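>>> kindly generate the corresponding structure for this input.
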Amino acid sequence: MKLGFNSNVEVGGVVYHVQTEDRGLNHPFVDTVVLAGGRVVHRRSASYQDLLRGEALDQAALGDRVDQQHREVVDGLRSGLLVFEEPRPSAMAVRLCNPTSWLAAGEASLEVEVLSAPEKRPVSGVEVIAFIERGDGAEPVTFGSQTGADGRALLRFRMPDLGDDENPALVIGLAGGATEASLRYRLKAKPSTEAPPVP
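A predicted model of the protein is given here:
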């Protein structure tokens, strides 16, 4: 049986909804989210793997753990000590900062910037991915890196052998992101010496 708590807490005229629940035996974590206006502003997740002994679960200890985490988050909210997450912009743009120098001696070094749209502010903590899309249907290998405080990420990898592939493309985007935030560069016949054109 899963356990959970829900509370509404008013702080400074804003009503926050605090929800804590255990994720179940297949994913033994206690998760708490704080929402304001339907938007998640804080998350906390803690494993309770230590409470599992073989196939048995100490339900009383788990109940105490869920209750304690819920109370800690509610108390942190009321005291003003809770750190809120920066809201993620609803639209983001991806830019390759080194479009003419990203490839040297078969090594890719992509300097990618992620900006909010239309404000053009750097977005930190976003997972940027890149892969070579193959025209021959071969499964691409994906490379990833997270943006820093300046909204930039560096992805380095060895370029795969494209063989006789006639339609390879370099694709750069956001993990789980919308396709409109991605870049696509058609690669030349000899990708080890050619850089993609600026879109």
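>>> so what's the gap between the helix or strand hosting Thr20 and the chain middle?
Thr20 belongs to strand 14-22 when assigned by DSSP states H and E. A distance of 22 Å separates the C-alpha centroid of strand 14-22 from that of its chain, computed with C-alpha atoms, centre = their mean, to the nearest Å.
>>> tell me the strands beside that strand, with direction?
Sheet pairing of strand 14-22 (DSSP bridges) gives strand 4-11 (antiparallel), strand 29-36 (antiparallel).
>>> let me have the ones you listed in CSV, extended by distance to Glu21.
(C-beta placed from N, C-alpha, C; glycine too.) Output for the strands paired with strand 14-22, formatted as CSV (distance: least, C-beta to C-beta, whole Å):
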stretch, distance to Glu21
strand 4-11, 3
strand 29-36, 6
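>>> just name the most buried of the ones you listed.
strand 29-36 (a mean of 18; mean count of other C-beta atoms under 10 Å).
>>> this structure: helices as residue ranges?
Along the chain, the stretches classed as helices by DSSP state H are 59-79.
>>> what pairs with Val40 across the strands?
Leu35.
>>> that one against Asp31, yeah?
No: using C-beta atoms under 8 Å, Val40 is not in contact with Asp31; the gap is 11.0 Å.
>>> low pLDDT regions in the chain?
1-2, 54-55, 85-87, 176-180, 189-199 (pLDDT under 70).
>>> how many residues are close by Asp136?
11 (other C-beta atoms under 10 Å).
>>> again with Leu154
14.
>>> what's the answer for Ile129, then?
Counted by other C-beta under 10 Å, the residues lying close to Ile129 total 19.
>>> same question, Arg43
11.
>>> check contacts around the nearest residue to it once chain neighbours are set aside.
Distance criterion C-beta to C-beta, 6 or more residues apart in numbering; nearest residue to Arg43, sequence neighbours excluded, is Val33 at 5.4 Å. Neighbouring residues of Val33 by C-beta atoms under 8 Å, 6 or more residues apart in numbering: 18-19, 40, 42-43.
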